[in-house]
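Engineer: Provided below for reference: sequence and predicted model.
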Amino acid sequence: MGHVLGDVLGFAAAVAVSPLPIIAIILILATPRGRLNGVLFTVGWILGLAALGAIMLGIASPSGASDHNQPATWVGALKLALGLFLVLFGARQWHRRPEDPSQAQLPKWMGAIDRLTPVKIFALGLALAALNAKNAPLTIAAGASIGSAGLPVGQQIASLAIFVLIATLGLLAPLGVFLLGGERAKTTLGNWKEWAAQHNVAVMAVLFFVLGLKLLGDGISILVS
């Protein structure tokens, strides 16, 4: 289990520092129902990650993804495909990054956050976790790593829970600052939002490229072994 956790911690950290969800929750916390909506967004995010990870575990069960406690060939092919996607996506993001970070633009949907109902806020957290093209491949890769390690079911669930917890730290930090920081919270969160907005593309480009190379190496290693 320790080896598996070491394998998935990088994916969890990359999901945790994904700037867009962090910006989204900071904007949500600034709305009139910020406390309720912030919690709902975080709960939706947690359920989205857990659901996608659980689906991947259901597919990559030890009987199908592990052969004599070694990852099966299809797991290597999946990691190779995910790695190639992340490398290409990361390179594309880097090429499209603004030369002046201060000119970076946020997605248009963020401008409507203050008009979303609590149910839609929950659904937004769910979607950003499970359906976002930047986070879903990382969660799928983590699920494949856990499911292909030949662990007992209990350890698989524990490993997934740890992944989800670490991947949620990026949202729990601003939520904690908002709930406990008092008047200074607005200034702190505003500074975080500004930094994340300016460096969103560059941060994700580098993370995707590095993790993509790791997945490519893992996939090749499985396929040639």
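Structural biologist: All right, it came through fine.
Engineer: what about the longest helix in the chain?
Structural biologist: Determined from DSSP state H, the single longest helix within the chain is helix 184-224.
Engineer: what packs against that helix?
Structural biologist: Here helix 184-224 is seen to pack against helix 2-16, helix 19-29, helix 73-96, helix 136-147, helix 169-180 when contacts are counted using 3 or more CB pairs under 8 Å, 6 or more residues apart in numbering; DSSP states H and E. Backbone N, C-alpha and C define where each C-beta goes, glycine included.
Engineer: Next, the angle from that helix to helix 73-96.
Structural biologist: If you take axes from the mean of the first three to the mean of the last three CA atoms, to 10 degrees, helix 184-224 sits at 130 degrees to helix 73-96.
Engineer: Next, the angle helix 136-147 makes with helix 184-224.
Structural biologist: Using the same axes, to 10 degrees: helix 184-224 against helix 136-147 is 60 degrees.
Engineer: still on that earlier bit, need the winner for burial among the helices and strands packed on helix 184-224.
Structural biologist: Mean neighbour counts were compared across the helices and strands packed on helix 184-224 using mean count of other CB atoms under 10 Å; the top stretch is helix 136-147, at a mean of 26.
Engineer: helices and strands around that helix, which ones?
Structural biologist: Checking 3+ CB pairs under 8 Å, 6+ apart, helix 136-147 ends up next to helix 2-16, helix 34-59, helix 62-65, helix 73-96, helix 118-130, helix 153-167, helix 184-224.
Engineer: Apply 6 Å and report the result again.
Structural biologist: Secondary-structure packing of helix 136-147 (3 or more CB pairs under 6 Å, 6 or more residues apart in numbering; DSSP states H and E): helix 2-16, helix 34-59, helix 73-96, helix 153-167.
Engineer: Output the third one as CSV, restricted to C-alpha atoms.
Structural biologist: Which is helix 73-96. Only the C-alpha atoms of helix 73-96 are listed here, as CSV (Å, rounded to 0.1, in the frame of the first residue of the first chain):
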residue,chain,number,x,y,z
THR,A,73,-1.0,-5.1,-20.2
TRP,A,74,-4.1,-2.9,-20.6
VAL,A,75,-3.2,-0.9,-17.6
GLY,A,76,0.2,-0.1,-19.2
ALA,A,77,-1.6,0.9,-22.4
LEU,A,78,-4.0,3.1,-20.4
LYS,A,79,-1.2,4.9,-18.6
LEU,A,80,0.7,5.3,-21.9
ALA,A,81,-2.4,6.9,-23.5
LEU,A,82,-3.0,9.2,-20.5
GLY,A,83,0.7,10.1,-20.4
LEU,A,84,0.6,11.0,-24.1
PHE,A,85,-2.6,13.1,-23.6
LEU,A,86,-1.1,15.0,-20.6
VAL,A,87,2.2,15.7,-22.4
LEU,A,88,0.4,17.0,-25.5
PHE,A,89,-2.1,19.0,-23.4
GLY,A,90,0.6,20.4,-21.3
ALA,A,91,2.7,21.5,-24.3
ARG,A,92,-0.5,23.1,-25.8
GLN,A,93,-1.2,24.9,-22.6
TRP,A,94,2.3,26.2,-22.4
HIS,A,95,2.2,27.4,-26.0
ARG,A,96,-1.1,29.3,-25.4
